[in-house]
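**Student:** Structure of the sequence below:
(chains A and B)
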Amino acid sequence: MAMNISAEPLIRIEHLEKSYSLQDAYGHTITNPVLFDVNLLIRYGEFVAIMGQSGSGKSTLMNILGCLDTPSKGSYWLAGEDISTLSNDQLAHIRNQRIGFVFQGFNLLKRMTALENVAMPLLYAGIHRAQSRKRALELLCRTGLEKFSQHQPNQLSGGQQQRVAISRALINNPPLILADEPTGNLDSQTSQEIMQLFQKLNQEQGMTIVLVTHEDDIAAYAKRLIILKDGRVIVDKNNI
Amino acid sequence: MNLFAIFTEALGALRQNRLRTGLTMLGMIIGVAAVVLMLSIGQGARTKITETIAAMGSNLFIVVPGATSSGGFSFGSGSVRTLTINDAYSIADLASVSATAPVTSGTVQLNYAAKNWSTIITGTTPDYFIVGNWKMESGTIFTDSDIRSAARVVVLGAITAKNLFGEEDPVGKTIRITNRPFLVVGVLMAKGQSLTGRDQDDNIFIPITTSERQITGNPFPGSIRYMLVQGKSAEDMDIAEIEITQLLRQRHRIGKGKENDFTVRNLTAIADVATDAAKIMSIVLGAIASVSLLVGGIGIMNIMLVSVTERTREIGIRMAIGANQQAILTQFLLEAMMICIMGGLLGLLIGIGGAWVVSQVADMLIVITLGMVGLAFLFASAVGIFFGFYPARKAASLKPVDALRYE
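**Tutor:** Now for the predicted structure:
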């Protein structure tokens, strides 16, 4: 993807709008707008923190960035590809290959070992079991969890679980990591460790990281800060 | 997408919830076991009836003398002895008939050494054994020359031979029938019960001439009680019936518009009724068993729907990391099918075991065919696909963002 680095940004969002349709008690359809006219460019190698109060639309924006949800209006190009034209299967493929997710609640599968959780995306990439286990083990080593590969999530601490989740996000070598309040369920010491891991991934491997948080000290790790309010971008600045 | 890997995922999910998987499977096990058991009982009954019919002899008519009326008072069929041995011989010459056997009968007392036994005596001709599809245990049947000479020879039924002789070989021995000595020339192989439940093996057979002149006597010499007629082929039974009727009317000089003094009955038609009854019984049994399979299938659908709801978040996670709709659909469909196929296999074993127990306890003939096993198995898989598809489809059509947000 080297040729894209200068030419095309990783993420280009133009005039993006998102609204949800609800039915009220009388059966009337109510349109509930969440995002208004969002424009955003994120280049390869950026580390962006998105902040905002709850209800500001930051989670909705994150879901659209992660191809988990589709915009109501406007356009979204990821790595030069127009997301709105893609089928469900193609979106699944994009999520598998181009995006790594890290969630607040870790979202690991219970009753599966750390290794199996990390290897899971490779199942849907059609990679052979033996090979995917090998790669999963490498990643667990990189995140310092090689001893815990056979543990199930409930046998691990919050910080360890989040590192398993980060390993899972990294396994297909995606250009983009989306982290939705990754430290929300962690104590401050562990939060610092997780953020240092993200920082390392960004600095040493040039990975693009987009992070949603509402804590200032977590956002401080990012190089760029975007603040949403009532569905609009009100601040977009360098964070140094 | 790797089918084997998804298979492993599905198996893992089933193993996580062993009790639930087992209970769901139980519906399938009972359904398939019931189908196999019922089909094998039905098939057993049909085989038994087919065997009985084959033993009776094929393409048979029975001609009985019949119904006369006197002064407006009607007697039942057989009340007058209008049929004769010569009627039987002339019917045998018809093109559509292969053999006839005239029969007289009575009850007699037998003696051999110190034993005695009372049984039915049948006076007939050698063709009787051909028409009735009898097979010999030992010795031979009597011959046409025995008929002409009214010889004192006898063929024993299997039960009579056993009662009179025990383990001894009766052939060549002499028994006394109402105190007259008869030479035993043969013993028949056992046939079991007839379709009407009559024991066919407790009887003896002697030449019809001997019977008339020396044993039962006959107030109307030459008359017979009934005759068996065997048609040449199954297709020409209707023609044979018409020919027999016409010939007898002619021989008995029955004018136009007068009632027959005999009755021709097609025994094959009776056998057909029995076969049809057995067929209907197997269908009814199979249908009842299928209902339990259907209920098992609905149980699977129910559990799969609960499972999809419970695992909504898991589905969301899988979708977020790259599972497409087909992968989710395949996993849930495989889960339902595995329950069905494993349940089907266990049910098959239990059904076969149950059939064996029934055959031992109830002394019934049980027939299990490979086709039956295949059918039960195919049915189980079909139930799995049919009832597994809707829940799987529901899982696959979840929106990733909604599934992930589900608590």
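**Student:** wait, B:Glu335 sits on B:Ala10?
**Tutor:** Yes - if you go by CB atoms under 8 Å, B:Glu335 and B:Ala10 touch, sitting 4.6 Å apart. Every C-beta, even on glycine, is put in place using the N, C-alpha and C of the backbone.
**Student:** between the two, which one's more packed in?
**Tutor:** B:Glu335 (29 against 20; other CB atoms under 10 Å in any protein chain shown).
**Student:** looking at this, the more buried one is in a helix?
**Tutor:** Yes - judged by DSSP: H, G, I helix; E, B strand; the rest coil, B:Glu335 forms part of a helix.
**Student:** Close to chain A: what parts of the stretch 151-300 of chain B are there?
**Tutor:** Residues of the stretch 151-300 of chain B lying near chain A by CB under 8 Å from any CB of the partner chain: none.
**Student:** And the strands in the stretch 151-300 of chain B?
**Tutor:** Per DSSP state E, counting those that start in this stretch, the stretch 151-300 of chain B carries strands over the ranges B:153-156, B:174-177, B:180-188, B:203-207, B:226-231, B:262-266.
**Student:** Could you tell me the angle between the longest one and strand B:203-207?
**Tutor:** If you take axes from the mean of the first three to the mean of the last three CA atoms, to 10 degrees, strand B:180-188 sits at 110 degrees to strand B:203-207.
**Student:** Of all the residues in strand B:180-188, which ones are buried?
**Tutor:** Neighbour-count burial for strand B:180-188, counted by 16 or more other CB atoms under 10 Å in any protein chain shown, picks out B:Phe182, B:Val184, B:Val185, B:Gly186, B:Val187, B:Leu188.
**Student:** Surely the first one touches B:Leu156?
**Tutor:** No - using CB under 8 Å as the test, B:Phe182 is too far from B:Leu156 to be in contact (9.9 Å).
**Student:** ok, the helix or strand in which B:Ile30 is found near chain A or not?
**Tutor:** B:Ile30 belongs to helix B:18-56 when assigned by DSSP states H and E. No - applying CB under 8 Å from any CB, one finds helix B:18-56 separated from chain A by no less than 11.8 Å.
**Student:** Can you list the buried residues in that helix?
**Tutor:** Those would be B:21, B:24-46, B:49, B:52-53, B:55-56, for helix B:18-56 by 16+ other CB under 10 Å.
**Student:** Likewise for stretch B:267-274?
**Tutor:** B:Leu267, B:Thr268, B:Ile270, B:Ala271, B:Ala274.
**Student:** tell me the mean pLDDT over stretch B:19-33?
**Tutor:** Stretch B:19-33 shows a mean pLDDT of 92.
**Student:** what do you get for stretch A:69-77?
**Tutor:** In this model, stretch A:69-77 has a mean pLDDT of 92.
**Student:** hang on, the earlier thing: which stretch among the strands of the stretch 151-300 of chain B approaches A:Ala165 most closely?
**Tutor:** Among those, the nearest to A:Ala165 by CB to CB is strand B:262-266 (82.9 Å).
**Student:** Paired strands for that closest one, with orientation please.
**Tutor:** Using DSSP bridges, the strands paired with strand B:262-266 are strand B:60-65 (antiparallel).
**Student:** How far away from the center of its chain is the strand it pairs with?
**Tutor:** Centre-to-centre, strand B:60-65 and its host chain are 24 Å apart (CA atoms, centre = their mean, to the nearest Å).
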